[in-house]
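> A structural model of the following input is requested.
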Amino acid sequence: MDLLVHFLVGTVGFMKIGLRGYGVWQVGALTTPAMAAEIEQLGYSGLWLGGPGVDLAGIDELLAATESLVVGSSIVNVWSGDPAVLARSYQRVASRFPGRFVLGIGVGHREQSAGYERPMDAVRRFLDVLDAGGVPVSGRVLAALGPRMLELAAERAGGVVPYLVPPSHTRVARETVGSAGFVAPEQKVVVDSDVVRGLEAARGRVRNPYLGLVNYVSNLRRLGYSEEDLAGSDRLIGDLVAVGDVSAVVARLGEHRAAGADHVVVQVITEKYQTHPGLPGVRLQVYDDEVMGVYRELAEGLF
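Numbering: from 1, shown residues only. Model (predicted):
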């Protein structure tokens, strides 16, 4: 029986990641255990962290501060370190907190990653090492956007965590990974009843860096956005960032669920930010009482 259980846990076709509902996305280095505890108390089921390294530093502390919250990496960049170290780190976290960590990996961007080349081959090699290190298929997800990466996720991961996508992409992701795959898109939100002001706040975060990164721009072209849109049109910004009052934002999150998402990851944007220390011009959200207030407002509409 133990062998059968092990087989089922490691096979995406038989066991699907059980995370449902809504989670939040934050920069990992700026997320504290106290934040994680409050996010859990509000009813969010997942906390997704941008930028952890292969040592998964800090994730144990977030899980220890919470009771049932699932923490995911969104993402560990395949160019950021040794996958064998990541496999050992995964085993450390998974053994201490069974069922409460999901490993999200992705290829990052050629504009930001040294040594970037042949991304599909790089991900396959990375997954080979994770396989050898005992990381189960059902314990990992890919930051897949295009058709080839989505297909790879269907074959070798438990699902996908697409970033910077409208609900139309969620539908494509669901069709590609099938009913057995886990689909958890990220959705940026600006809660502001002044839509014009909200769109401007959103535009500043989307244009730099995302509209300067080939991976995202290529995906948006596939989804039908024009060159005019890709310069930062209201249409594009409004599709990529849910802007409006709480009811409007909740409705957008629901569109992802209707399109096939198992879990939707909310990234809150406010006017407060700090500059990324390694990427000049890139703005990082400041996680303060205002952000927590938005989490509370949305929780009232979601749960």
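
> contacting residues around Leu56?
Listed by Cβ atoms under 8 Å, 6 or more residues apart in numbering, the contact set of Leu56 reads Ser73, Val76, Leu86, Ser89, Tyr90, Arg92, Val93. C-betas here are computed from N, CA, C, even on glycine.

> tell me the one among these nearest to Leu199.
Nearest to Leu199 among the contacts of Leu56, counting by Cβ to Cβ, is Ser73 at 30.1 Å.

> hmm, Trp48 and the closest one touching each other?
Yes - here Ser73 reaches Trp48: they are 7.5 Å apart, a contact under Cβ atoms under 8 Å.

> overlap in contacts, those two.
With Cβ under 8 Å, 6+ apart as the test, Ser73 and Trp48 both reach Gly104.

> who has more neighbours, those two?
Ser73 (30 against 27; other Cβ atoms under 10 Å).

> tell me what the more buried one is bridged to.
Ser73 has these beta-bridge partners by DSSP bridges: Leu49.

> tell me how far it lies from Pro52.
Distance, Ser73 to Pro52, by Cβ to Cβ, to the nearest Å: 5 Å.

> likewise Ala154?
When distance is defined by Cβ to Cβ, Ala154 is 25 Å away from Pro52.

> and those two? Which one has more around it.
Neighbour tally, Ala154 and Pro52, criterion other Cβ under 10 Å: the higher count belongs to Pro52, 26 against 19.

> wait, what's in contact with the more buried one?
Pro52 touches Gly28, Gly58, Ile59, Ser73, Val76, counting by Cβ under 8 Å, 6+ apart.

> next: Phe303.
Residues in contact with Phe303, defined by Cβ under 8 Å, 6+ apart, are Gly21, Tyr22, Leu42, Gly43.

> that one and Leu142: what is the separation?
28 Å.

> contacting residues around the helix or strand harbouring Gly204?
Secondary-structure assignment from DSSP states H and E places Gly204 in helix 195-207. The list of residues contacting helix 195-207 from outside it, by Cβ under 8 Å, 6+ apart, reads 164, 188, 190-192, 232, 234, 236-238, 240-241, 243-244, 269-271, 273, 283.
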